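Trainee: Sequence and predicted structure are below.
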Amino acid sequence: AGTVNSALQQLVQLANTQSADGRYIFAGSQAGAAPFVVQINGQVAFNGDADTTSIAIAPSLSVPISMSGQNIFMNIPSGNGSFSASASGGNTGAAYVTPAAVTNASQVLAEHLGNTQFVVTFGPVAANGSPSYTVTSGTGSPGTPGFTATSGIVSSGSVASGGGLNFGGMSLNVGGTPAAGDKFVVATSQNTSIFAIVQKLAAALGSTANKNDAQQQIENAMAELGSAQTTVLGAQATLGGNLSDIQSVQQLDENASTTQKAQLSSIQTANLPQVITNYNEGVIALQAAESAFARIQNLNLFQMIGSG
């Protein structure tokens, strides 16, 4: 837990990185002040904004010199990025449930928009030797009047340790052995921050009260860190595109500079008297050509017959 807390402090420092001129690069357009602040309660707050500051590097081409840390550090989807699972604080068994995959994206989207949540309740061991379970769905958080009024059983059966559950367009893995009455809440992902994820991981690693709940929190944190990594890689790809634009413009500038230097060198090393002589000779030749062309234009058929 101590190592994780140390990593959290380093993460806050990284999020408050400054450029060479002292601007906070993840503050959006509010680059004059540190965007991430640790509050009295230990939570990390974002004081920047969602805008960016850009500079022009070529005609009709600008690149940002700052980014908003809101999407990079604060808007991390919980769970596996689509849905999450959490254990009830009163669980006594050794089971944990982890999100696996979305099996029906449109169904999960509808559940997200409708704030539908699920409760997986484990019961006694079934005849096949595996724990039994029921899945109840409702609107809102379990235990609230709204959930109770809309709840109903949507799935039931038995599952062995290492087996899977499938309901609501989602599949989940079950690890360990649950006790009768253990409950897990499954809901579509909500935004969290990378700081909150690391804090939950540190708390789980340092927990001595409920090891089973701690295991569930650790599994959740590992999945959410994977989502955070995906978000960071997306931001890195955006920066890579901006860097490519800058390098292209830099190459064009270098090519233009090389050409201009060559032209300047040619002028500086030229034999000016010889250049003037060549120029005068060219003017005389041009004048002679113009005179000959004028004479040809003045000729007509009668002049040619008369001269004959």
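Mentor: Received it, and whenever you're ready, just let me know what you need.
Trainee: use CA for all of it now, contacts and neighbours both
Mentor: Fine.
Trainee: Am I right that Pro99 is in contact with Gly169?
Mentor: No - contact criterion CA atoms under 8 Å: Pro99 and Gly169 do not qualify, at 11.6 Å.
Trainee: Those two: who's more crowded?
Mentor: Applying other CA atoms under 10 Å to Pro99 and Gly169 shows that Pro99 carries more neighbours, namely 23 against 15.
Trainee: So what pairs up with that one in the strands?
Mentor: As for beta bridges, Pro99 partners with Leu172 under DSSP bridges.
Trainee: so how far is Ser189 from it?
Mentor: Counting by CA to CA, to the nearest Å, the separation of Pro99 from Ser189 is 11 Å.
Trainee: hey, what's in contact with both of the two?
Mentor: Both Pro99 and Ser189 are in contact with Gly79, Asn80, Phe83, Ser84, where contact means CA atoms under 8 Å, 6 or more residues apart in numbering.
Trainee: check which helix or strand covers the first one.
Mentor: Element membership of Gly79 [criterion: DSSP states H and E] is none; it lies in no helix or strand.
Trainee: That one touches Ile218, doesn't it?
Mentor: No - the criterion here is CA under 8 Å, and Gly79 misses it with Ile218 at 11.2 Å.
Trainee: Which one of the two is surrounded by more residues?
Mentor: For Gly79 versus Ile218, neighbours defined as other CA under 10 Å are more numerous around Gly79 (29 against 20).
Trainee: so which strand or helix has the closest residue to the more buried one other than its chain neighbours?
Mentor: Once flanking residues are discounted, Gly79 sits nearest to Glu224: 5.3 Å by CA to CA, 6 or more residues apart in numbering. Using DSSP H and E, Glu224 sits within helix 211-268.
Trainee: Can you give me the distance of Asn166 to Pro77?
Mentor: The spacing between Asn166 and Pro77, counted by CA to CA, is 21 Å.
Trainee: Give me the more crowded residue out of those two.
Mentor: Taking other CA under 10 Å, Asn166 and Pro77 do not tie; Pro77 has more neighbours (22 against 16).
Trainee: measure that one to Ser171 for me?
Mentor: Look at Pro77 and Ser171: by CA to CA, they are 17 Å apart.
Trainee: and what of Ile40?
Mentor: For Ile40, the distance to Ser171 equals 39 Å [CA to CA].
Trainee: In terms of neighbours, single out the busier of the two.
Mentor: Ser171 (17 against 7).
Trainee: All set, thanks.
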